[in-house]
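[1] structure for this input, please:
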Amino acid sequence: MPAPDPVADVIVVGGGSSGCVVAARLSANPDRAVLLIEAGPGSGDPGPLGLLPVGPRSDVAATYPVELLPGHSTTIARGRVLGGSGAVNGGYFIRGTASDFRSWPATWSYSEVLPYFRKLETDRAGNSRWHGDDGPMPVTRIGRESMHPVSSAFLDACATEGFGYAADLNAPNADGAGPVPLNAVAGRRISTAAAYLEPILGRPNLRVRTGVVARRVVFDGVRAVGVEAEIAGELRLLPARQVVLCAGAIGTAHLLMHSGIGSAQHLSGLGLPVVADRPGVGRDFGDHPEVTLAYRPRLRVPRNEHTAVLEAVLEVDGIEIRPYTAPFAEIIPGVADPDPRLGVALMRPDSRGELTLRSSDPADPPVVRYRYLASAADRAAMRSGLDLARGLLASAAFGRVAAGAGPSPSETFENLGTSMHLSGTCRMGSEADRDAVVDDRCRVIGVDEVLVADTSVMPVVTSRGPHATAVMIAERVSALIEGDASPAHDAQGSGRV
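    Have a look, this model is predicted:
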């Protein structure tokens, strides 16, 4: 019989992009005992930026069956390793825009969150009003002289079509075509496990346990007292005074429902006890639908494994155009698509999805329905984006690398996929809002000592990929837990807008 686990002051569930940040920041207090649990293995080598180890045989990713629209099912992958999806993705590290935060509570306005964006990064290329220069996460961009020929031709095509150049896509409301900010150095991605966690693993008040699968938060009444977890096939209680969920928008919502927090009708129908009736858990999540356009390459363009999957993008009118630097068959092991592609993504979609439980067994994956392109406005926006992408493909500038477009998607939008930016399954709001799951300090409403610090809490998915915003959320929630909502950025200027 294993010895009982010591009581942690805080258990952080999930060692991904957010959880590594929370564990590092909270354990900076030597009087606080912190336990970080992660279902996957340790982080190890971050790997080359141009390869995404998320294919069907990956040992560092979890896969989920999902329905993008009725009759169109697929599988998505999320990182299951220290560093999470930030350890296996393409390194895209663009912040949410200033206008995105107008949909968040006033305490999360752009002026309020900017200090945390600055705190988390070292980005010496941008205006110091917006950027930090001594944070854990390195932010870099590929210079035009070093870009892959596809990226360079794409930026030239955007310029000839009249789109402005955006040298810093992490400026408050940057639009146009420009280099992608990357959480990478010398062609290798730097996850929060590498940036935040690994340097402080020697702290005596921090324990990191991998291969530990959280199954539910355990309550005494409405107060959390720990986490029930599966370790080497055995269920164990890991006791704690406070629980911070950082399992990602899928994992956190799934875990909350199995812990008795969610729609009472849904939980009761599966025979699960109800601790707090919060019908918003899993409801109305957002993500960015993407349709890709294949094209015929004019020549074999050289690329190595350190070349970023995306070096440049165009942001215009809620559309993001993505010139991938190689076919997916070369980027993701086990994927058979040999064609080079331009991606067209809706960054401010109307569509909202829903995540529900499949059964009362926490080992069963949830049911995830995206309901993409359900609105006429989304379908019109996607058509507009595809027309824009076709125009870029047909330009003389892009003709340096493309001999012509392949078959175009029809009104049924063949090649529809997802950006895997799922957010908002446990959205932030007021206690009076029945659809809100956490308050503006990210405390789960209706229970005590449970917080959420990942993309689950986003009221609306940001109009850029969520990775940088996820790290910001973790920074801010950590500061809120500390009772200090004003980090040492004041000495550098607030950068208020």
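[2] where in this structure is pLDDT low?
    1-2, 44-46, 409-411, 484-497 (pLDDT under 70).
[3] let me see the domain layout of it.
    The chain breaks down by automatic domain parsing into domains covering 10-141+181-286+355-373+422-492, 143-179+289-346+375-412.
[4] which residues are contacting stretch 350-367?
    64-65, 67, 215-216, 250, 253-255, 257-258, 266-267, 270-272, 282-287, 289, 368-375, 377-378, 422, 425 (C-beta atoms under 8 Å, 6 or more residues apart in numbering). Yep, even glycine has a C-beta here, placed from its N, CA and C like the rest.
[5] helices of the chain, start to end?
    Applying DSSP state H to the chain gives helices spanning 19-26, 110-120, 149-160, 192, 248-258, 264-269, 328-331, 376-394, 467-482.
[6] buried residues in stretch 179-197?
    Of the residues in stretch 179-197, those with enough neighbours to count as buried (16 or more other C-beta atoms under 10 Å) are 179-185, 187-197.
[7] among these, which ones are in strands?
    Among these, the members found in strands (DSSP state E) are 179, 184-185, 188-189.
[8] identify the farthest-apart pair in the residues you listed.
    Checked with C-beta to C-beta, these reach their widest spread between 179 and 188, with 17.5 Å between them.
[9] can you pull the contacts of the nearest residue to residue 104 once chain neighbours are set aside?
    Using C-beta to C-beta, 6 or more residues apart in numbering and skipping the chain neighbours, the partner closest in space to residue 104 is residue 459 (5.3 Å). Contacts for residue 459 (C-beta under 8 Å, 6+ apart) come out as 103-105, 424, 427-429.
[10] at 6 Å what do you get?
    103-104, 427-428 (C-beta atoms under 6 Å, 6 or more residues apart in numbering).
[11] returning to what we had before: in a markdown table, list the domains of the chain along with distance to residue 4.
    A markdown table is the format used below for the domains of the chain (distance: least, C-beta to C-beta, whole Å):
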| stretch | distance to residue 4 |
| --- | --- |
| domain 10-141+181-286+355-373+422-492 | 8 |
| domain 143-179+289-346+375-412 | 42 |
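[12] deepest of these, which one?
    domain 10-141+181-286+355-373+422-492 (a mean of 21; mean count of other C-beta atoms under 10 Å).
[13] now do that domain: distance to the chain's middle.
    8 Å (C-alpha atoms, centre = their mean, to the nearest Å).
[14] next one: stretch 173-191
    Computed by C-alpha atoms, centre = their mean, the chain-centroid distance of stretch 173-191 equals 15 Å.
[15] end-to-end on it?
    Terminal residues of stretch 173-191 are spaced 25 Å apart (C-alpha to C-alpha, to the nearest Å).
[16] what of stretch 442-462?
    End residues of stretch 442-462 are separated by 17 Å (C-alpha to C-alpha).
[17] against residue 241, how distant is the nearest residue to residue 35 once chain neighbours are set aside?
    Excluding the flanking residues, the one nearest residue 35 by C-beta to C-beta, 6+ apart is residue 8, at 4.0 Å. Residue 8 sits 7 Å away from residue 241, going by C-beta to C-beta, to the nearest Å.
[18] what's the answer for residue 357, then?
    28 Å.
[19] same deal with residue 145?
    In this structure, residue 145 and residue 241 are 54 Å apart, going by C-beta to C-beta.
[20] again, but for residue 419
    Taken as C-beta to C-beta, the span from residue 419 to residue 241 is 37 Å.
[21] same thing with residue 178?
    Distance from residue 178 to residue 241, by C-beta to C-beta: 46 Å.
[22] cool, and residue 147?
    50 Å.
[23] likewise for residue 169?
    From residue 169 to residue 241 the distance is 41 Å (C-beta to C-beta).
[24] kindly report the same for residue 265.
    Residue 265 sits 31 Å away from residue 241, taking C-beta to C-beta as the criterion.
[25] contacting residues for residue 301?
    residue 149.
[26] quick one: residues in contact with stretch 271-286.
    Contacts of stretch 271-286 (C-beta under 6 Å, 6+ apart): 219, 253, 256-257, 260-264, 267, 352-356, 360, 422-426, 435-437, 446-447, 461.
[27] tabulate the CA atom coordinates of it in PDB.
    Below are the C-alpha coordinates for stretch 271-286, written out as PDB (Å, rounded to 0.1, in the frame of the first residue of the first chain):
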ATOM      1  CA  GLY A 271     -25.800   9.300 -12.900                       C
ATOM      2  CA  LEU A 272     -23.100  11.700 -11.800                       C
ATOM      3  CA  PRO A 273     -23.500  13.700  -8.600                       C
ATOM      4  CA  VAL A 274     -24.000  17.500  -8.900                       C
ATOM      5  CA  VAL A 275     -21.800  19.800  -6.800                       C
ATOM      6  CA  ALA A 276     -22.600  23.000  -8.700                       C
ATOM      7  CA  ASP A 277     -25.100  23.500 -11.400                       C
ATOM      8  CA  ARG A 278     -23.200  25.500 -14.000                       C
ATOM      9  CA  PRO A 279     -24.800  24.900 -17.400                       C
ATOM     10  CA  GLY A 280     -22.100  26.900 -19.200                       C
ATOM     11  CA  VAL A 281     -19.400  24.200 -18.800                       C
ATOM     12  CA  GLY A 282     -18.600  23.000 -22.300                       C
ATOM     13  CA  ARG A 283     -21.200  25.300 -24.000                       C
ATOM     14  CA  ASP A 284     -20.600  27.800 -26.700                       C
ATOM     15  CA  PHE A 285     -16.800  27.300 -27.300                       C
ATOM     16  CA  GLY A 286     -15.000  29.000 -30.100                       C
END
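[28] for the remainder of this discussion, apply numbering that starts at 353.
    Taking 353 as the first residue, the last one we looked at is stretch 623-638.
[29] for the spatially closest residue to residue 486 that is not a sequence neighbour, name its beta-bridge partners.
    Using C-beta to C-beta, 6+ apart and skipping residues adjacent in sequence, the residue nearest residue 486 is residue 474, 6.1 Å away. For residue 474, the beta-bridge partners under DSSP bridges are residue 485, residue 490.
[30] on that earlier part again, distance check, the residue nearest to residue 456 against residue 779.
    Separation of residue 811 from residue 779 (C-beta to C-beta): 5 Å.
[31] likewise for residue 810?
    Counting by C-beta to C-beta, the gap from residue 810 to residue 779 is 7 Å.
[32] how about residue 713?
    Counting by C-beta to C-beta, the gap from residue 713 to residue 779 is 26 Å.
[33] what do you get for residue 452?
    From residue 452 to residue 779 the distance is 14 Å (C-beta to C-beta).
[34] cool, residue 451 as well?
    On the measure of C-beta to C-beta, residue 451 and residue 779 end up 18 Å apart.
[35] same check, this time on residue 544
    From residue 544 over to residue 779 the distance is 23 Å, taken as C-beta to C-beta.
[36] also residue 447?
    Counting by C-beta to C-beta, the gap from residue 447 to residue 779 is 19 Å.
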